[in-house]
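>>> I need the structure of the sequence given here:
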Amino acid sequence: MTTLTNPNDISREAWDANAEHWDSRMGNEGNDFFNLLCWPILASFLDPKPDSHILDIACGNGLTSRRLAALGVNVAAFDFSANLIEKAKARSTNYQSLITYHVMDATNESQLLSLGEHKFDSALSNMALFDMPEIEPLFNALSKLLKPNGVFVFSLMHPAFNNPSATLLAEEWDDGELHTRYAVKTSRYMTQFQSQGLALRNQPKPQLYFHRPIKDYMSIAFQNGFVLDGFEERAFPPEHPQTATLGWGGKFSEIPPVLIMRFRKIE
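Below you'll find the predicted structure:
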C-alpha cells in the first residue's frame, strides 16, 4: 500500500473515506452548527439574488448549493473529493438546471480559473478553508473569478476558541453552594500548524486541520485586492441543549465556536 506524504492528498483520501458518514449525518437539512450558527449569517452576507451566479467552494454533499439553488441562484460547486461530489449530485436532482458540480482542487489555481474569469457575483465556503493546506491559490483565483464588487463569504471554526489545540472544560467549585463554570483552554494560536481531528464523531478516518490565525486570512485577502466588510462571531444561545457533556452548546454561550467573514473585491 502506498503511503501518502502530501498533506493535500492525505486530506483528500480522508474526505473520500468519510463521504458516506458525512452525507448520512448532514443529509439535506444539515446540523445545528450549520442551521443555527452558520447559514443565517452566510445567507445575510451573501444576500443571494435569483439568476445571480455563486461559486460554492468545497461544497461537500451540496448542502449550501441546494440552499442557494432553492433561492433561484445559479451555482457552480466543487469539491476535491469525488465521493462527496457523487453524494451531492444524488441529492440535487431537483436542481439540475441550477447547480453544476465539479471535482476540483481549491489549491490548484489553474483549475479554478477554468471556471471562468469575472463570472461570479459572489463566492461561498462553509467550514472548509481550515481543511486546505494552502489558501493563497484560492484567493489569487477569486480575485479574477469574481466580478467587480463581488464578495467572498466564508465560515470557519473560530481560530481563537475552536482550533485544534482547544480543550473544552467544566470546572466545579464550592463556596457553600456548588457552581459549575464552562470554559475553553487553548495552547496555540499565533503560529500556523496542522493536526489530525474528527469533523464528526465516529467518522471512519481522521482528517487534517490546518490552523491559521485570523490575521493570516485577512492578510492574504488584502494582498489580493479585497476589503473586509462583514465580520460575525457566533455562539449557541444559553438555552441550546448540550449534545455531549463537553460539546458545543448553551453552556458555552459566551464563547463563539464559529467565525464568519465577508471580503469584497475592490477594483
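
>>> drop to CA atoms for contacts and neighbour counts, all remaining ones
Will do.

>>> the chain: helices as residue ranges?
Using DSSP state H, the helices of the chain run over 7-26, 32, 39-46, 63-69, 82-91, 109-113, 136-145, 214-223.

>>> how about the strands of the chain, start to end?
For the chain, strands defined by DSSP state E occupy the ranges 53-57, 74-79, 99-103, 120-126, 146-157, 167-174, 178-185, 193-197, 207-211, 226-234, 258-265.

>>> quick check: angle from the third one to helix 82-91?
Same thing as strand 99-103. Angle, strand 99-103 to helix 82-91, by axes from the mean of the first three to the mean of the last three Cα atoms, to 10 degrees: 160 degrees.

>>> could you give the angle of strand 99-103 to strand 74-79?
If you take the same axes, to 10 degrees, strand 99-103 sits at 20 degrees to strand 74-79.

>>> give me the angle between strand 99-103 and strand 53-57.
Going by the same axes, to 10 degrees, strand 99-103 makes 30 degrees with strand 53-57.

>>> in terms of secondary structure, what does strand 99-103 contact?
Strand 99-103 makes packing contacts with helix 63-69, strand 74-79, helix 82-91 when contacts are defined by 3 or more Cα pairs under 8 Å, 6 or more residues apart in numbering; DSSP states H and E.

>>> which of the helices of the chain sits closest to residue 190?
Residue 190 lies closest to helix 214-223 among the helices of the chain, at 8.8 Å (Cα to Cα).

>>> for the closest one, what is the distance to the chain centroid?
With Cα atoms, centre = their mean, to the nearest Å as the basis, helix 214-223 stands 16 Å off its chain's centre.

>>> just to revisit the earlier point, which among the helices and strands packed on strand 99-103 is found nearest to residue 250?
Nearest to residue 250, of all the helices and strands packed on strand 99-103, is helix 63-69, at 24.8 Å by Cα to Cα.

>>> packing partners of that closest one?
strand 74-79, strand 99-103.

>>> re the thing from before, how about the helices and strands packed on strand 99-103, which one is nearest residue 16?
Using Cα to Cα, the helices and strands packed on strand 99-103 put helix 82-91 closest to residue 16, at 5.3 Å.

>>> any figure for the gap between residue 163 and residue 258?
10 Å (Cα to Cα, to the nearest Å).

>>> count the residues that sit near residue 205.
Residue 205 has 17 neighbours, counted by other Cα atoms under 10 Å.

>>> what of residue 47?
Per other Cα under 10 Å, the neighbour tally for residue 47 reads 9.

>>> same question, the one 5 residues further on
One way to gauge burial is a neighbour count; for residue 52, by other Cα under 10 Å, it gives 16.

>>> nearest spatial neighbour of it, skipping sequence neighbours?
With sequence-adjacent residues excluded and distances taken as Cα to Cα, 6 or more residues apart in numbering, residue 52 is closest to residue 73, at 5.3 Å.

>>> before we move on, back to that, need the helices and strands packed on strand 99-103 in a markdown table with distance to residue 4 and mean pLDDT, can you?
Below are the helices and strands packed on strand 99-103 laid out as a markdown table (distance: least, Cα to Cα, whole Å; pLDDT from 0 to 100):
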| stretch | distance to residue 4 | mean pLDDT |
| --- | --- | --- |
| helix 63-69 | 29 | 98 |
| strand 74-79 | 20 | 98 |
| helix 82-91 | 18 | 98 |
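
>>> residue contacts, residue 142?
residue 152 (Cα atoms under 8 Å, 6 or more residues apart in numbering).
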